Structure formats: structure tokens, C-alpha cells
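Colleague: have a look at this prediction, sequence included:
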Protein chains: 2
Amino acid sequence: MKCNQCGGKAVVQMRQHKLALCAKDFLQWLPDQVERFIKKYKMFTHSDRVLAAVSGGKDSLSLWDILWRLGYSVDGLYIGLGIDGGIGYSDESRRLTEKFANERGLRLVVVSVPDVYGEAIPDMAHRTRRGKTKPCAVCGLTKRHIMNRIACEGGYDVLVTGHNLDDEAAALFGNTLNWATGHLVRQWPVLEARPPALARKAKPLCRIYEREMAAYAMLRGIEYIYDECPYAEGSKSIYYKELLNRMEADRPGAKLSFYVSFLQAKENGLFAPHADPNAESLHACTTCGQPTSAPGECAFCRMTLKVK
Amino acid sequence: MKCNQCGGKAVVQMRQHKLALCAKDFLQWLPDQVERFIKKYKMFTHSDRVLAAVSGGKDSLSLWDILWRLGYSVDGLYIGLGIDGGIGYSDESRRLTEKFANERGLRLVVVSVPDVYGEAIPDMAHRTRRGKTKPCAVCGLTKRHIMNRIACEGGYDVLVTGHNLDDEAAALFGNTLNWATGHLVRQWPVLEARPPALARKAKPLCRIYEREMAAYAMLRGIEYIYDECPYAEGSKSIYYKELLNRMEADRPGAKLSFYVSFLQAKENGLFAPHADPNAESLHACTTCGQPTSAPGECAFCRMTLKVK
């Protein structure tokens, strides 16, 4: 198999793009693609201060690497969740993230949930009704809260996350199976900031396949945590990814086509402008000041108060 | 397993409804469900003249049987496609349909495509560009043309088809994977008549699982053609049905929830009112007078003229 650009030996074949590339050309091609989507969806510019949420996994570390190489002004935010799972998950992901930042001389903000809020995620979750069996909802709520707080307090113009095409397609698939109006109407590569204090968010990898990201991390020599979060097993999102992978195997490009045709249909006005049930204005949490959909305390403060 | 209604021996278990029924109660329950959906979606009333498109398969014959038992005024329309496929597909399905009608003293209109249009579907398809490999597109176009013509010429108030939940969910799944705006905006249990001469259409079985229909046909002793159309093999709709069946096996009710939540989201105004690209008015075909989206000759007349 030959590289479609230089004729050398290809190491990555992307059937969905009818493209095969050597390591050198792939390491050029992927950041070019990311840059293209940053511009296409008007995510941010070179004068913006970007905060990248990094978990220590291949997607977020590669995203940080790519944005840094593309010359963006981008700091990292690592959230320590206090998850061990018998594999020292949080300790190891923090070590790899700090190593990555140090090697490149990049600024990393670290927020440790146990240090700041007094408890690790699994313990916090265990005390709440919905976290008894799985801490994922509590973890998601906590991460969204902290990411938004740091982005706003730090004066960043945009918060970026490493969601890749497989993540976005799986989320879309789940939202479509339930026809979850609010999620369908909001899902987009970039979400504008909203008063009071909801940070602008963007997903620069939303059109990049997970296996392309894995290839990038490997070829770039990025050391990342291989293990999934120990609590991810059996999640709906993994189930949807499996179904989409089956469709992709039967028809290369199926995943991309599903996501991109959704974006196009939306741009062409498929959804009614007022279909979003959460479109009304946000309120400031009476305890932390962060945005919340109903007047009073936000869900995160209600949860942490309940924990205390 | 006991019947949830009479405590007798259940013969049909419907995990998605958490319901098990004996033969007698199932044969009462299913028509009650169909009647419920006819009323819910305002498909037609007992004063309407109904034309049921019947293929000789379990769904359409059972639908005809159910509507007749519910006291609706319903004639049948059988379209002879001239498909043999080594199993005498069209001959056998016509024989079973005529037998069904005769046994019940019901009126059946028969239109033979080879007799009326001079050629069987596979031959007609073979002469057109898009029918070279598979005649399904030509067959669908022909059936839609004939169904609409007979419904209008016969002065029927509504044309009903035997599409069941599996059919509707598979169509929705395909339309969603491509975000086919026009199809998504139009898909509904009933479609209103439109000038000039587009008949009102309804799908009374749209919320009934295929396996419930198979159980109905069997328990009612309806003799139907078991074989699928020999050209159906490898179709996209069968592929989507397989995927949905896998989801249904993992989570009973998944198929129904997908379809019903779509209907609910639509009723709640998810789609923009003007998103349908085919919403503009229809024209009368200059040759046959039937409706067509562009001025001039309709696709069916263009095809049959090309054939001649």
C-alpha cells in the first residue's frame, strides 16, 4: 500500500476517505484537517486564549499537541477525579498529562476533586441516589462544572474538548434513538457562550475518526493512558459505538456520513428554531454563581451540599 | 406462561408490552390496538370507503382481515407484478389473495402489470438505467402509480398499506442515517390527500410489531405467501431491520420507542414547518393526469414511454 501523497510506504489507510498515507504525510494531514474544521465551524482564532480539557487519553493529549503545533495559544486543564479502579487510573493519567505538558513547556491547570471538594468521584457518587450503581452522571456533572469554572475564571475565550467523530456519532445515535429534542437541537461542533458565565465550547476533533486519533498519538509518540475509565464498561455510549462500528465495517464512511449529514440538515433548517426546550435564559447559581437552568442552586452545588 | 387477561395458557409473549396472551385474547387485542391507532392518528372513519393494497403477504392480508372484522368498508387492490423468481411468486400471491377475498366475500380489484402495461416488472426494469441490477425502484414507482390511480378512479377516501412497525422503524432508521430531510418531515401514519389527485394514505399497522402480525396471521389461519419477494434479498431495508432487531433483542421495546419518540418529537414541533423540500404544490402529469412534482410528464409515464 502506497502513500497517496509521496508514493512511499503508507502506514495509515482510511477507507472512508479513500486515502492511504505514510507517517510523515499523515502527521501533516491530520492537523490540517483539524485546522480546516476549526475554521469551517468558526470555533476560535489565533488571537483567542484556548483552554483544552485533557484527561491523559489519546484524544485530548493529541488535540492539545495539534493545537500547540498549529500555533494556537492553548493551556491545559486536568481534573483529578480520584478514580483508582485497581489500575491507579487517575494517578497514572495525571502523571502522563503532566509529563506531556512539561516536555512541551505548556501551562497545565490541575484541579483535584478530592482536594477541592473533599471526596473522590466514586465516594461522592455513592452518596447520591443516581450514583449508587455508576458514578458517570456525577462525574459528568462535576467535570462540566469545573471546566466551566476554570474557563471563566481564567478568562479563556473558549474551552475545547477531545470528543472525536466516534464520540459525536455515538451521542447523536443515542439522541436519535430517543429523539431527544433538546440534545438534537443543541448538538453542534461549537456552542456559543451564554450569560451568566457559560463558557464558549468547541470540539475540534468532531470530524476525526477515533482510529485516526489513535494513529496520530502513536505516530507522534505521545504517551497516553491506554485504559478506559474503569467505570465506562457497559455504558450506553460504548454500545452505540459498537453498533456504529458494525455499520462502518459494512459501509466505510457510514459514521462520518451520519454525523455530517446531520450537520448539513441542521444548517439547511431541518429543526424548528424554537424546538429547544432549554433555550430560555440561564440563571446564576445562588451558591457558586455558575449558570443553571432553574433559579436557585445549581445541580452541582445541590449535590456537593448533599454530600457534606 | 399465563395469559394476562384470562389466566389461560398464553401463546404470544410480547416483552416490549410486558404482555402475554392466549390465542383468543390476542385475536381480540390486536384489532383493538389497530382500531386505537386508526382513531389516534385520525386515519379514517366507518363512513369512509377504504382501499387496502394487498400483496398476499401476512401484513396486508391480516390488515384487510382486521379492518373487515372491525366493520370498515374496505376493498382490496392486488397488483400483479409478473415476478416469478423460480417460485411462481406473483402467481402464488395472487392465488392466495383471491382465495382470501372469496372466502370472506370481499371485493378485490386486480391490476396485472404485464396485461395493462405490456411487460412484467423485471423486464420493464431491465430496460431502464436504474433497474439494471435491481427492479425495486421501478417496482415501487409502478405500485405507487397504480395504487394512487385505482384509489382516485374508484372514488376511495383512503388507501391503506400493510406497513408494520418494523417497516416504519427501518424506513425511519435509513432516513435518519442520511438525515433525509424530505422523508423525515413527511413520515407519518397518515398522509393527507393533495390536489391534483394524490390519494389520502394511511398505515394502520405502523405501531404493530412484525412478529405480532405473523402471530395474528397464524392464529387467525390466514394462508399467505411465506416467501419474500425474490428481489428483496440484500436490500437496505432488510439490513436496517437486522440492526434494529439486534437493538430490540438487547432492549425489548427499542424499536417501538425509536418510532414513537419520533412521532412525539414531531408532534412537539421538532421540525421546521418549511423544511420539506417537496412541500410546494404538485402538477398533473401531461400524459396520465396523476400528480407529479415537476411540470410535464410523471416519472412513471416517462419510464413506460421509454420502455415502449
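Modeller: Structure received.

Colleague: tell me which parts of chain A are close to chain B?
Modeller: A:176-179, A:181, A:184-185, A:239, A:243, A:246-247, A:250, A:254, A:257-258, A:261-262, A:264-265, A:268-275 (Cβ under 8 Å from any Cβ of the partner chain). No exception for glycine: its C-beta is placed from N, CA and C like everyone else's.

Colleague: strands - which of these land there?
Modeller: Per DSSP state E, strands hold no members of these.

Colleague: in ChimeraX, how would I select the buried members of these?
Modeller: The buried residues among the residues of chain A next to chain B can be selected in ChimeraX (16 or more other Cβ atoms under 10 Å in any protein chain shown) with this line:
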select /A:176,177,179,181,184,185,239,243,247,254,257,258,261,262,265,270,271,272,275
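
Colleague: shaky segments in chain A?
Modeller: Along chain A, the model assigns pLDDT under 70 to residues A:306-308.

Colleague: show me where it has its strands.
Modeller: A:12-14, A:19-21, A:49-53, A:73-80, A:108-112, A:158-160, A:190-191, A:201-202, A:283-284, A:291-292.

Colleague: partners of the first one in the sheet?
Modeller: Right, the one you point to is strand A:12-14. strand A:19-21 (antiparallel) (DSSP bridges).

Colleague: go ahead and name everything in contact with the partner strand.
Modeller: A:Met1, A:Lys2, A:Cys3, A:Asn4, A:Gln5, A:Ala10, A:Val11, A:Val12, A:Gln13, A:Met14, A:Trp29 (Cβ atoms under 8 Å, 6 or more residues apart in numbering or on different chains).

Colleague: quick one, what contacts the closest residue to the third one other than its chain neighbours?
Modeller: Computed as Cβ to Cβ, 6 or more residues apart in numbering or on different chains, the closest residue to A:Cys3 that is not its neighbour in sequence is A:Cys22, at 3.9 Å. Residues in contact with A:Cys22 (Cβ under 8 Å, 6+ apart) are A:Cys3, A:Gln5, A:Cys6, A:Gly8, A:Lys9, A:Ala10, A:Val11.

Colleague: how about 6 Å then?
Modeller: A:Cys3, A:Gly8, A:Lys9, A:Ala10 (Cβ atoms under 6 Å, 6 or more residues apart in numbering or on different chains).

Colleague: where does the stretch 51-200 of chain A get nearest to chain B, which residue?
Modeller: Nearest residue of the stretch 51-200 of chain A to chain B (Cβ to the nearest Cβ) works out as A:Trp179 at 3.9 Å.

Colleague: ok, back up a step: neighbour count and distance to B:Gly88 added to the contacts of strand A:19-21, as CSV?
Modeller: Formatted as CSV, these follow (neighbours: other Cβ atoms under 10 Å in any protein chain shown; distance: Cβ to Cβ, whole Å):
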residue, neighbour count, distance to B:Gly88
A:Met1, 11, 49
A:Lys2, 12, 53
A:Cys3, 19, 55
A:Asn4, 17, 52
A:Gln5, 16, 57
A:Ala10, 20, 52
A:Val11, 17, 55
A:Val12, 23, 52
A:Gln13, 14, 47
A:Met14, 19, 48
A:Trp29, 19, 56
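
Colleague: quick one: which of these is nearest B:Gly76?
Modeller: The nearest member of these to B:Gly76, counting by Cβ to Cβ, is A:Met14 at 52.2 Å.

Colleague: what's opposite that closest one in the beta bridge?
Modeller: Residues in beta-bridge contact with A:Met14 (DSSP bridges): A:Leu19.

Colleague: do you know how far it is from A:Leu70?
Modeller: From A:Met14 over to A:Leu70 the distance is 20 Å, taken as Cβ to Cβ, to the nearest Å.

Colleague: try A:Ala180
Modeller: 34 Å.

Colleague: got it, and A:Arg200?
Modeller: 18 Å.

Colleague: which one's more surrounded, these two?
Modeller: The residue with more neighbours, out of A:Arg200 and A:Leu70, is A:Arg200; 19 against 15, by other Cβ atoms under 10 Å in any protein chain shown.

Colleague: and the nearest residue to A:Lys9 once chain neighbours are set aside, backbone torsions?
Modeller: With sequence-adjacent residues excluded and distances taken as Cβ to Cβ, 6+ apart, A:Lys9 is closest to A:Cys22, at 6.0 Å. Backbone dihedrals for A:Cys22, given as degrees, to the nearest 10, come out at phi -80, psi 170.

Colleague: contact partners for A:Pro196?
Modeller: Counted by Cβ under 6 Å, 6+ apart, A:Pro196 has contacts A:Ala284, A:Pro291.

Colleague: again with A:Met213
Modeller: So A:Met213 contacts A:Lys58, A:Asp59, A:Ser62, A:Asn164 (Cβ under 6 Å, 6+ apart).

Colleague: try 7 Å this time
Modeller: A:Lys58, A:Asp59, A:Ser62, A:Asn164, A:Leu205 (Cβ atoms under 7 Å, 6 or more residues apart in numbering or on different chains).

Colleague: chain B versus that one, what's the distance?
Modeller: 23 Å (Cβ to the nearest Cβ, to the nearest Å).

Colleague: same thing with A:Ala299?
Modeller: 24 Å.

Colleague: for A:Cys285, same thing?
Modeller: 29 Å.

Colleague: nearest residue to that residue in space, please, no chain neighbours.
Modeller: Using Cβ to Cβ, 6+ apart, the closest residue to A:Cys285 is A:Cys298 (3.7 Å).

Colleague: ok, the one you found to A:His283 distance?
Modeller: Relative to A:His283, and taking Cβ to Cβ, A:Cys298 is found at 9 Å.

Colleague: over to A:Leu67?
Modeller: 33 Å.

Colleague: those two: who's more crowded?
Modeller: Taking neighbours as other Cβ under 10 Å, A:Leu67 and A:His283 compare with A:Leu67 leading, 23 against 16.

Colleague: ok, now which ones touch the residue in the stretch 1-150 of chain A positioned nearest to chain B?
Modeller: Proximity of the stretch 1-150 of chain A to chain B (Cβ to the nearest Cβ) peaks at A:Gln16, 14.4 Å away. Contacts for A:Gln16 (Cβ under 7 Å, 6+ apart) come out as A:Pro252, A:Gly253, A:Leu256.

Colleague: now swap in A:Pro195 and tell me
Modeller: Taking Cβ under 7 Å, 6+ apart, we find A:Pro195 in contact with A:Leu282.

Colleague: cool, A:Leu77 as well?
Modeller: A:Leu51, A:Ala52, A:Ala53, A:Val54, A:Val109, A:Met147, A:Ile150.

Colleague: ok, now with 8 Å
Modeller: Contacts of A:Leu77 (Cβ under 8 Å, 6+ apart): A:51-54, A:108-111, A:146-147, A:150-151, A:159.

Colleague: over to A:Asp48?
Modeller: A:Tyr72, A:Ser73, A:Asp157, A:Val158.

Colleague: ok, A:Cys3 next?
Modeller: A:Cys3 sits in contact with A:Lys9, A:Ala10, A:Ala20, A:Leu21, A:Cys22, A:Asp25, where contact means Cβ under 8 Å, 6+ apart.

Colleague: how about A:Leu177: what's its closest non-neighbour residue?
Modeller: Per Cβ to Cβ, 6+ apart, closest to A:Leu177 is B:Phe258, 5.3 Å.

Colleague: that neighbour contacts B:Asn175, doesn't it?
Modeller: No: using Cβ atoms under 8 Å, B:Phe258 is not in contact with B:Asn175; the gap is 11.8 Å.

Colleague: okay, A:Ala193 and A:Lys201: tell me how far apart.
Modeller: Taken as Cβ to Cβ, the span from A:Ala193 to A:Lys201 is 8 Å.

Colleague: which of these two has more neighbours?
Modeller: A:Lys201 (22 against 15).

Colleague: these two touch, right, that one and A:Tyr156?
Modeller: No: here A:Lys201 lies out of contact with A:Tyr156, judged by Cβ under 8 Å, at a distance of 10.7 Å.
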